[in-house]
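In: after the sequence you'll find the predicted model.
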Amino acid sequence: MKLFLIWIMTAIFIVTSPFAQISAAENFRVMLHVDSLPPYSFDKGDARTGIIKDLFAALVKDTGDTVEYVRVPFKRALYQFDEGKIDIEPMSNPIWRKSSSLKAIYSIPFAVSEEILLFNADKYFPVNSPEDLLGRTVGVISGYYYPVYTPYFADERIKPHPLRSENKLIQLLLAGRLDQALMNKDFAQYQIKTQNLAGKLMVGEPCSVLDMMIRFHPSKKNAVPRFNEAIQKLLNDGTIEQIYDRYR
């Protein structure tokens, strides 16, 4: 009789466990750039998916959740995140959002983001520290936070030239209107590869290397443990590395 009861309880556990996971599943509104930001995301309707969509497709396959992507301008996206109208910022770091009063919750790291100086190849010179750029103008993205260079921009020892997108920075570098710009390394290398810009643009040494995490609105804190489990699984089996390799 005792063995029979154990068998019954085991059978109930096996049957109900998947339903428990399904009942916990949610739909998440995920922040995505309005403009194409390869290799992370592409324009709406583009057949290419990008790292963010590929990553979340793999994650929700494991967590059982669903996602919808919200494309709004960057500053508005951050505001909507604070208001709870967007649930997830897919690639973030607490250093970037330290000015926010919202106590967001972060996943475990799944990758790193390297910030580099991208040069017009004719203007390249080795830069080992911000001191090497004193008195020069550097292209930046309006609204972005650059941990190493922000103090130099604040007192204008280095002059920032803000633009609204990485694509605009590339255009000005190619036109010779900027000599150097701060740029995400993955983005810069993807552009050089796909647009055959080797010899026209040159990648400098990393200025900063930050862990990439998923930033969750506090109202979604219960989902963080299952996403952490999924991230760790995808790191262990090499899936995340394979996703990045598709665009290298």
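Out: That came in fine, so what should we check first?
In: make it CA atoms for all contacts and neighbour counts henceforth
Out: Noted.
In: show me the shaky parts of this protein.
Out: 1-23 (pLDDT under 70).
In: now the residue positioned nearest the centre of it: phi and psi?
Out: For the chain, Met91 is the residue whose C-alpha lies nearest the centre (C-alpha atoms, centre = their mean; 2.7 Å). Dihedral pair for Met91: phi -140, psi 110, per degrees, to the nearest 10.
In: could you measure from it over to Leu173?
Out: Per C-alpha to C-alpha, to the nearest Å, Met91 is found 26 Å from Leu173.
In: same thing with Ile231?
Out: 36 Å.
In: identify the residues contacting the residue nearest to the centre of the chain.
Out: Met91 makes contacts with 212-215, as judged by C-alpha atoms under 8 Å, 6 or more residues apart in numbering.
In: ok, now which ones touch the closest residue to Leu59 other than its chain neighbours?
Out: Counting by C-alpha to C-alpha, 6 or more residues apart in numbering, Leu59 lies nearest to Ala230, which is 5.8 Å off, once chain neighbours are set aside. Applying C-alpha under 8 Å, 6+ apart, we find Ala230 in contact with 59, 62-63.
In: which strand or helix spans Ala230?
Out: Using DSSP states H and E, Ala230 sits in helix 224-236.
In: for Ala58, same thing?
Out: helix 51-63.
In: hmm, who's touching that helix?
Out: Residues contacting helix 51-63 (C-alpha under 8 Å, 6+ apart): 21, 25, 39-41, 66-67, 90, 226-227, 230-231, 234, 240, 243-244, 247.
In: can you do 6 Å?
Out: With contact meaning C-alpha atoms under 6 Å, 6 or more residues apart in numbering, helix 51-63 is reached by 40, 230.
In: could you check the angle helix 224-236 makes with that helix?
Out: Angle of helix 51-63 versus helix 224-236, following axes from the mean of the first three to the mean of the last three C-alpha atoms, to 10 degrees, is 110 degrees.
In: stretch 132-141: end-to-end distance?
Out: This stretch, stretch 132-141, spans 21 Å end to end (C-alpha to C-alpha).
In: got the buried residues for that stretch?
Out: 133, 137-141 (16 or more other C-alpha atoms under 10 Å).
In: relative to Pro147, which of the residues you listed is nearest.
Out: Using C-alpha to C-alpha, Val140 is the member of the buried residues of stretch 132-141 that sits closest to Pro147, with 12.5 Å.
In: now do the same contact list for that closest one.
Out: With contact set as C-alpha under 6 Å, 6+ apart, Val140 has these partners: 161-162, 182.
In: let's go with 8 Å and repeat that
Out: 160-163, 169, 181-183.
In: can you give me the helices in this structure?
Out: When secondary structure is read from DSSP state H, the chain shows helices at 2-24, 51-63, 74-82, 150-154, 166-174, 185-194, 224-236, 239-245.
In: so in the chain, which strand runs the longest?
Out: In the chain, assigned by DSSP state E, the strand with the most residues is strand 201-216.
In: that strand versus helix 74-82: what angle between them?
Out: In terms of direction (the same axes, to 10 degrees), strand 201-216 departs from helix 74-82 by 20 degrees.
In: quick revisit: same list (the helices of the chain) but as JSON lines, adding distance to Val127.
Out: Below are the helices of the chain laid out as JSON lines (distance: least, C-alpha to C-alpha, whole Å):
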{"stretch": "helix 2-24", "distance to Val127": "50"}
{"stretch": "helix 51-63", "distance to Val127": "29"}
{"stretch": "helix 74-82", "distance to Val127": "29"}
{"stretch": "helix 150-154", "distance to Val127": "15"}
{"stretch": "helix 166-174", "distance to Val127": "17"}
{"stretch": "helix 185-194", "distance to Val127": "15"}
{"stretch": "helix 224-236", "distance to Val127": "33"}
{"stretch": "helix 239-245", "distance to Val127": "27"}
